[in-house]
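Trainee: got a structure for you, letters missing:
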């Protein structure tokens, strides 16, 4: 009797295909993000940042999901000899066609690994720079300024301790770390900058800490590194940083009450611009002149309808990602009395039964395998209710169905996890919207 020899879809082929498809998939997500953010033009910057960040995460989830699907996709079948009494293996199946490893796929993956590795290495170097600064020479804030920092912390709502340090190596103020936050200031700031401007800059950096922007910025850096080849990811990344800075500006103005002082401080920083590592949160980031104009023009009016429509678009985009996985679920039903998962390699024992029923292009197929009291494997295969010999083609179909079902179950679990994450993002966004509406009411009063 003939058997099947399988060759699994290669990792390189799956990854290369996912990267290529992400070019158009993530472009569509970027278009949806641009439209959504346009609807949120009059909403709070914090709300826009949440939405933009959600779209950026989806840009990574789409190719990741497709890679996992392709990696588990069945690839080819050829022939040999099946043991007469072993249980059919529903393990990772190679399926509908032979996929040889192509040089092009290998080159694409190699280039991607080099680019992503280089981008990630840059961020690691930035972290090392922070470690060097912490081991270097720095000064603590004078006592009266430490007291003022604690007052600003209370106004913004930060309960944990925040350390502020002065260093000659720092050109512009920035915040770093998540669990033990540190604000770094230029050594000359206290002697050359008006008090109101210093307070505004401190409030801005404290806002980054209150919003846990170090975490979101780190996640963004990883996503941008993995999607370094995609212009849409870079565009959305710039928009995320812009809205992050706007949100912190709003919190800083609410805490210190002086938008003009913050605008003047940002203008002074513009005169001494200097590149900073992306993993630090500098006060001069995010299209600085636009921030200055925004601060001087006053708070924007709030638009509730646009926020609700934008939330709908965000949820629809998340649903599309989930349906991309669900659409590949085969119309197959498998039952088994053997111990273990339906699609596992569990062995049938005496009295155990495994059945497969499927609608295959209008043909009703059914397969039943059982083991009798003497340990012999009994197999019955039917097409449209009529018995049919179990030849090599039937063996190939049985193996294919088992593998596709296993792949679909894995993809379904991934889709459920993505849907849950999208739901959490939506809930967070809704909370941000409610908070923004409350702030708007307070401003109106």
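Mentor: Here it is on my side, so go on. All values derive from a computational prediction rather than experimental measurement. Numbering: from 1, shown residues only.
Trainee: Return the residues in contact with residue 364.
Mentor: For residue 364, the contact set (CB atoms under 8 Å, 6 or more residues apart in numbering) comprises 357-358, 383-385. Where C-beta positions appear, they are placed from N, C-alpha and C, glycine not excepted.
Trainee: Apply 6 Å and report the result again.
Mentor: Contact analysis of residue 364 by CB atoms under 6 Å, 6 or more residues apart in numbering lists residue 384.
Trainee: Looks to me like it is in a helix.
Mentor: No - Residue 364: not assigned to a helix; according to DSSP: H, G, I helix; E, B strand; the rest coil it is strand.
Trainee: That one pairs with what?
Mentor: For residue 364, the beta-bridge partners are residue 359 (DSSP bridges).
Trainee: Show me the domain layout of the chain.
Mentor: 11-101+309-432, 120-286 (automatic domain parsing).
Trainee: Tabulate these in CSV, adding columns for distance to residue 297 and mean pLDDT.
Mentor: As requested, those are exported to CSV (distance: least, CB to CB, whole Å; pLDDT from 0 to 100):
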stretch, distance to residue 297, mean pLDDT
domain 11-101+309-432, 13, 69
domain 120-286, 9, 87
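Trainee: can the ones you listed go into CSV with extra columns for distance to residue 293?
Mentor: Shown next, in CSV, are the domains of the chain (distance: least, CB to CB, whole Å):
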stretch, distance to residue 293
domain 11-101+309-432, 14
domain 120-286, 9
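Trainee: what about those, which gets the closest to residue 113?
Mentor: domain 11-101+309-432 (9.2 Å; CB to CB).
Trainee: Now do the end-to-end distance for that closest one.
Mentor: Domain 11-101+309-432 has its terminal residues 40 Å apart, counting by CA to CA, to the nearest Å.
Trainee: what's the closest of the domains of the chain to residue 112?
Mentor: With CB to CB as the measure, domain 11-101+309-432 is the member of the domains of the chain nearest residue 112 (5.9 Å).
Trainee: so residue 388 touches residue 379, yeah?
Mentor: No - at 11.2 Å, residue 388 does not count as touching residue 379 under the criterion of CB atoms under 6 Å.
Trainee: Check which helix or strand residue 368 maps to.
Mentor: Here residue 368, judged by DSSP states H and E, is contained in strand 363-371.
Trainee: Can you give me the buried ones in that strand?
Mentor: For strand 363-371, burial by neighbour count (16 or more other CB atoms under 10 Å) applies to 365-367, 369-371.
Trainee: got those residues as JSON lines, with distance to residue 118 columns?
Mentor: Converted to JSON lines, the buried residues of strand 363-371 look like this (distance: CB to CB, whole Å):
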{"residue": "365", "distance to residue 118": "51"}
{"residue": "366", "distance to residue 118": "54"}
{"residue": "367", "distance to residue 118": "51"}
{"residue": "369", "distance to residue 118": "52"}
{"residue": "370", "distance to residue 118": "57"}
{"residue": "371", "distance to residue 118": "56"}
